[in-house]
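Engineer: coordinates for the following, if possible.
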Amino acid sequence: MARDLLSEHPGHAARRGVALGDGQHDLGPHPARNAAGSAGEPPRHRAVHGAARGAPAHAARKRGSSHAARKDRFRITAMTQSPRHDRETGICRSSLDVPAIRNLMLLTTVHFQVFPSALPRALVPVMLAGLLVACVSDTIPVTTDEPLRVELPGTTPALEPGSALEREHQRLIRSFGGEYRAPRLQALLSEIANRLRLVSDRPNETYRVTILNSPSVNAFALPNGYVYVTRGLLALANDTAEAASVIAHEIAHVTGRHALERAELESRSVLVSRVHSEVLANPGASRLMRDQGRIALASFSRQQEIDADELGVRAIAKAGYEAHGAVRFLVALDRTSRMRNSVEDSNVSEKNDILSTHPTTPERLDRAIAVARQFGAPGVGEANRMQWLQAINGIAYGEDANQGLIRGRSFLHPRLRFTFDAPEGFALENSPHAILGVSPGGTEALRLDSSRGEADRPLKALLALNPIEGIAITDLQDTTVGNLPAAMGLARGPDWTFRVVLIRVGENVFRFIFAAQNLSAEADQRFLAVVNSFRQLSEDEAKRLRGQRIGLMMARAGDRPEDLVVAHMPNVPQGLERFYVLNGLTPDDMLVPGQQYKIIVGG
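Structural biologist: Residues are numbered from 1 along each chain as shown. Reported below is the predicted structural model:
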């Protein structure tokens, strides 16, 4: 009969320890996936409407009277296949940047020496945990057997193998969840970049757009013309003019040499446009951490942002796009920021991105409007809504199911097929190399990471080989979690006490680390209950876990946003407000019959 950790180890008197280390372990191996996007592309910035400025007349009509709507009036088209920063310092911050997490991740070097891993053997301390838990939000690089990207001739700058730019390119991709593969969307972005190139002051420059598999709202560029946009940002755009404004803005930061003006002291870093190497607590370990691909976001000055906005508006207008698309997207960013900030417990990784580093100030918006008006009224120029919506139809939205899902206080990983429940009140965050959690007030924290280990080495021996910042793990004992072999121990120091548990699942070893300023018997009971909640998912359970995606809905006469959300987005937090933001609508707008609108499906 399997022993229960709670019954066999009911608790300890309050004991205090030192801070936890940052382990170097991914949540398991990284097998390739074989669908467009992270789980398949379907077969074949806040937009301003109504009272907002720059509204395209076709997008919505004002509400006059109420209209009844029935669920069967909505028709889903081309549905996706299912299988789911401190501006002054330039550093991403997270709601998990509290004492417990800082102590959990910053002050310790941990050596999981016997575990082969794609990552280095030891990680060094860093100054802010928020960089780990917010700026990089995904864990498993995306690989598919779809074509790497669809490019137009002459739009792809070459990277010399092994060059500094190539290394930065690869590090950046790893840090933002991998490259997201969506051929139709990639082709459209490449076409937009090419049009912007042809009308630029330097038409011989080349640009390549890479989609990053991150739900964060972000975009940046390298000085060689590599432009990066997250799928979270692309989901906000509603037409080709809005999308073009994003790429044009980033190109403007490069051509304006804004990052160089702000960060010439970063002679080693080649990242520009809001990207620089992470600030380290241990300067001697700088190279190691850069090799880890940790990226922090650096804000540009207000004037640089205004300059990039103006250059971007002029660029898209010269390329034939509607200049007011840039205005709409600036409003979209502002509305998204307001929506997220209104929810205290929203996903922290969503809050640490371009919305924090590049707030849409009234000055920015007014200037963008003034420049756009030089090229005509709203509606003048290309703003192809249907082409854009068809291109983003089916892209992943929010968390990628293949990288694990947070559902309340539960974490579920359908690919690695495991789950566990955090204590009540804990906020969970899926960081690149671990699952992190923190209690209200930050007096307790947890971490789960994993590595492939030697199957024949006893788990107690692994614990003994991996002290916390040189503090030995004591009270070692073998145990089981369900029917899985496990071992546990304690690391005690002057400020914190840590419960460490290893669980072996096949070739993988999962490690729980719990930190408490005062590890009372009650706190230890809570931690051990988390360990006992760890279990393997059945094949059927894993198959039922689906991530969310962008879908399209065609409105019919009498359809209202409220009814659409109730019928098709019932479990989406802030569903109605999110629908308005995604589609650039206001509560005063009415849906236009025959027009398609973005919805969030699955999950």
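Engineer: strands of the stretch 101-250 of the chain, residue ranges please.
Structural biologist: Listed in chain order, the strands of the stretch 101-250 of the chain (DSSP state E, counting those that start in this stretch) span 110-111, 122-123, 208-212, 219-221, 226-230.
Engineer: thought residue 451 was touching residue 505?
Structural biologist: No: using CB atoms under 8 Å, residue 451 makes no contact with residue 505, being 11.6 Å away. Any C-beta I mention is one placed from the backbone N, CA and C, and that applies to glycine too.
Engineer: between those two, who's got more neighbours?
Structural biologist: Higher neighbour count among residue 451 and residue 505: residue 451, with 24 against 19, using other CB atoms under 10 Å.
Engineer: can you tell me the element that one falls in?
Structural biologist: strand 444-452 (DSSP states H and E).
Engineer: adding distance to residue 192, mean neighbour count and mean pLDDT, write the strands of the stretch 101-250 of the chain out as a markdown table.
Structural biologist: Below are these laid out as a markdown table (distance: least, CB to CB, whole Å; neighbours: other CB atoms under 10 Å; pLDDT from 0 to 100):
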| stretch | distance to residue 192 | mean neighbour count | mean pLDDT |
| --- | --- | --- | --- |
| strand 110-111 | 45 | 18 | 32 |
| strand 122-123 | 39 | 20 | 24 |
| strand 208-212 | 8 | 24 | 95 |
| strand 219-221 | 13 | 25 | 88 |
| strand 226-230 | 10 | 25 | 94 |
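Engineer: secondary structure element for the residue nearest to residue 241 when sequence neighbours are not counted?
Structural biologist: Ranked by CB to CB, 6 or more residues apart in numbering and with sequence neighbours excluded, the top spatial neighbour of residue 241 is residue 325, at 2.6 Å. For residue 325, the host element (DSSP H and E) is helix 324-341.
Engineer: on contacts alone, who are the packing partners of that helix?
Structural biologist: Secondary-structure packing of helix 324-341 (3 or more CB pairs under 8 Å, 6 or more residues apart in numbering; DSSP states H and E): helix 240-255, helix 302-318, helix 354-357, helix 362-373, helix 575-583.
Engineer: give the buried residues for it.
Structural biologist: Neighbour-count burial for helix 324-341 flags 324-337, 339-340 (criterion: 16 or more other CB atoms under 10 Å).
Engineer: same check on stretch 369-377?
Structural biologist: Buried residues in stretch 369-377, defined by neighbour count with 16+ other CB under 10 Å: 369, 371-373, 375.
Engineer: looking at those residues, spot the one nearest residue 317.
Structural biologist: residue 375 (4.1 Å; CB to CB).
Engineer: now for residue 512: which residues touch it?
Structural biologist: By CB atoms under 8 Å, 6 or more residues apart in numbering, the contact set of residue 512 is 446-448, 499-503, 527, 530-531, 534.
Engineer: name the element the spatially closest residue to it that is not a sequence neighbour belongs to?
Structural biologist: Counting by CB to CB, 6+ apart, residue 512 lies nearest to residue 501, which is 4.3 Å off, once chain neighbours are set aside. Here residue 501 sits within strand 497-505, counting by DSSP H and E.
Engineer: re earlier: tell me the contacts of the residue nearest to residue 512?
Structural biologist: Residue 501 neighbours (CB under 8 Å, 6+ apart): 5, 481, 486-488, 511-512, 531.
Engineer: recalculate using a threshold of 6 Å.
Structural biologist: Residues near residue 501 by CB atoms under 6 Å, 6 or more residues apart in numbering: 488, 512, 531.
Engineer: how near is residue 382 to residue 317?
Structural biologist: Noted for residue 382: a distance of 10 Å to residue 317, by CB to CB, to the nearest Å.
Engineer: which one of the two is surrounded by more residues?
Structural biologist: residue 317 (25 against 16).
Engineer: now do the more buried one against residue 330, distance only.
Structural biologist: Taken as CB to CB, the span from residue 317 to residue 330 is 15 Å.
Engineer: and if you look at residue 569?
Structural biologist: Counting by CB to CB, the gap from residue 569 to residue 330 is 26 Å.
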